[in-house]
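K.L.:
let me see the structure of the following:
(one chain, ligands or ions: 1)
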Amino acid sequence: MSAVIIDGNAIASALRAEWKVRAESLKEQGIQPGLAVVIVGDNQASSIYVRNKARACRETGIYSEVHEFPESASENEVLHHIHELNENPKIHGILVQLPLPRHFEDKKLISYIAVEKDVDGFHFNNIGALVTGNAVFPPCTPYGVMKMLEKSGIQVEGQHAVVVGRSNIVGKPMALMLLEKNATVTICTSKTRDLAGHTGRADILVVATGKPKMITADMVKPNATVIDVGINRMPNGKLAGDVDFDSVKEKAGYITPVPGGVGPMTIAMLLRNTIEAASRVQAGALSRINTVNK
Ligand code: GUN
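P.N.:
Numbers count the residues shown, from 1 in each chain. Below you'll find the predicted structure:
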């Protein structure tokens, strides 16, 4: 029997309707959530992602700014700009689109973002919070995956989850979030021996490798939940995930498509984190007023 296809567009759009109400309510209280996206260089895929993020903000009632820098920009120039955004009260969330050009150090730029505006959840402090189960801004893609599992009624506790890919953006935080929900977690890398042996034991398989269609049906346990984080542009111009959708859907219990799976969830969770950042400012303002009035 063919797998249930998890519709990321539908789940994301329901969540976005909820976030919109929250954003409007904050705006009525005098704080319109605001997101600044910083993009350096002319990576085509990044430009499309950033455009989509800005559009999603507009549709949700979130104020947004896109700050574009040429590839030739210096690290100092961008750091200075981040510093200004940290001080800007209209901006509650700052995101530096990755990947950055080679002469930039991701870690350095991200560490300059104010922790309370790091809506990507990539700052060392936010990663520390995630590791200890106290995340305020869970990284958007794995957070979106967790939401998809939850909304699809897929049990995580006690399940064997296998994450293929160990990136800081997806693989590592994904493993931590699954662990937090009491899954038994295996992380596979490009050096893992007998990859199919591991993936074939997964009740929940999350793939984030950037290698088109690398997971085939013979690598998947019957009825497994297969979550495909990959988005690859194929020579024919079409998009494909890291999972061979056509064959795997005949064996899995649940599967996410590409496009229309994890992608829209990442954006939805970015909106959530931005609204959360603004609500925290609002809560801080309220508690200051209450203190003054006491
Ligand atoms: N590039 C690909 N995914 C992401 C993401 O979630 N955040 C940022 N900042 N850059 C990305």
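K.L.:
show me the contacts for residue 171.
P.N.:
163-165, 187, 208 (C-beta atoms under 8 Å, 6 or more residues apart in numbering). All C-beta spots, glycine's among them, are computed from the backbone N, C-alpha and C.
K.L.:
next one: residue 255
P.N.:
Contacts of residue 255 by C-beta under 8 Å, 6+ apart are 3-6, 225-228, 243, 245, 248-249.
K.L.:
dump those residues into CSV; add neighbour count as well.
P.N.:
As requested, the contacts of residue 255 are exported to CSV (neighbours: other C-beta atoms under 10 Å):
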residue, neighbour count
3, 20
4, 14
5, 15
6, 25
225, 27
226, 29
227, 31
228, 27
243, 32
245, 22
248, 24
249, 19
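K.L.:
can you confirm residue 108 is in a helix?
P.N.:
Yes: counting by DSSP: H, G, I helix; E, B strand; the rest coil, residue 108 falls inside a helix.
K.L.:
skipping its backbone neighbours, what lies nearest it in space?
P.N.:
Computed as C-beta to C-beta, 6 or more residues apart in numbering, the closest residue to residue 108 that is not its neighbour in sequence is residue 75, at 7.1 Å.
K.L.:
do the same with residue 202
P.N.:
residue 162 (3.6 Å).
K.L.:
average pLDDT for stretch 278-294?
P.N.:
What stretch 278-294 shows for mean pLDDT is 77.
K.L.:
whoops, I mixed them up, stretch 211-218
P.N.:
98.
K.L.:
of the contacts of residue 171 - the most surrounded one?
P.N.:
residue 163 (32 neighbours; other C-beta atoms under 10 Å).
K.L.:
beta partners for it?
P.N.:
residue 187, residue 206 (DSSP bridges).
K.L.:
my guess is it contacts residue 175. True?
P.N.:
Yes: counting by C-beta atoms under 8 Å, residue 163 touches residue 175, with 4.9 Å between them.
K.L.:
joint contacts of the two?
P.N.:
185, 187.
K.L.:
for the residue of the chain at minimum distance from the ligand, give me its contacts.
P.N.:
Using C-beta to the nearest ligand atom, the single residue of the chain nearest to the ligand is residue 98, 3.7 Å away. By C-beta under 8 Å, 6+ apart, residue 98 lies in contact with 46, 106, 169.
K.L.:
could you do residue 151 as well?
P.N.:
11, 14.
K.L.:
let's see it at 7 Å
P.N.:
Counting by C-beta atoms under 7 Å, 6 or more residues apart in numbering, residue 151 makes contact with residue 11.
K.L.:
kindly report the same for residue 46.
P.N.:
With C-beta under 7 Å, 6+ apart, residue 46 has these contacts: 39, 97.
K.L.:
go through the strand or helix carrying it and flag the buried ones.
P.N.:
When elements are assigned from DSSP states H and E, residue 46 belongs to helix 44-60. Buried residues in helix 44-60, defined by neighbour count with 16 or more other C-beta atoms under 10 Å: 46, 49-50, 53-54, 56-57, 60.
K.L.:
what of stretch 75-85?
P.N.:
In stretch 75-85, the ones that count as buried by 16+ other C-beta under 10 Å are 75, 78, 81-82, 85.
K.L.:
how about the contacts of residue 98 in TSV, adding pLDDT and distance to the ligand?
P.N.:
Listed next are the contacts of residue 98 as TSV, based on pLDDT from 0 to 100; distance: C-beta to the nearest ligand atom, whole Å:
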residue	pLDDT	distance to the ligand
46	94	7
106	95	9
169	96	5
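K.L.:
what about stretch 200-214, near the ligand?
P.N.:
No: judged by C-beta under 6 Å from any ligand atom, stretch 200-214 stays clear of the ligand, getting no closer than 10.0 Å.
K.L.:
for that stretch, give me every contacting residue.
P.N.:
With C-beta under 7 Å, 6+ apart as the criterion, stretch 200-214 contacts 145, 156, 159-165, 167, 170-171, 174, 183, 199, 215, 219-221, 224-230, 232, 234, 240, 242-244.
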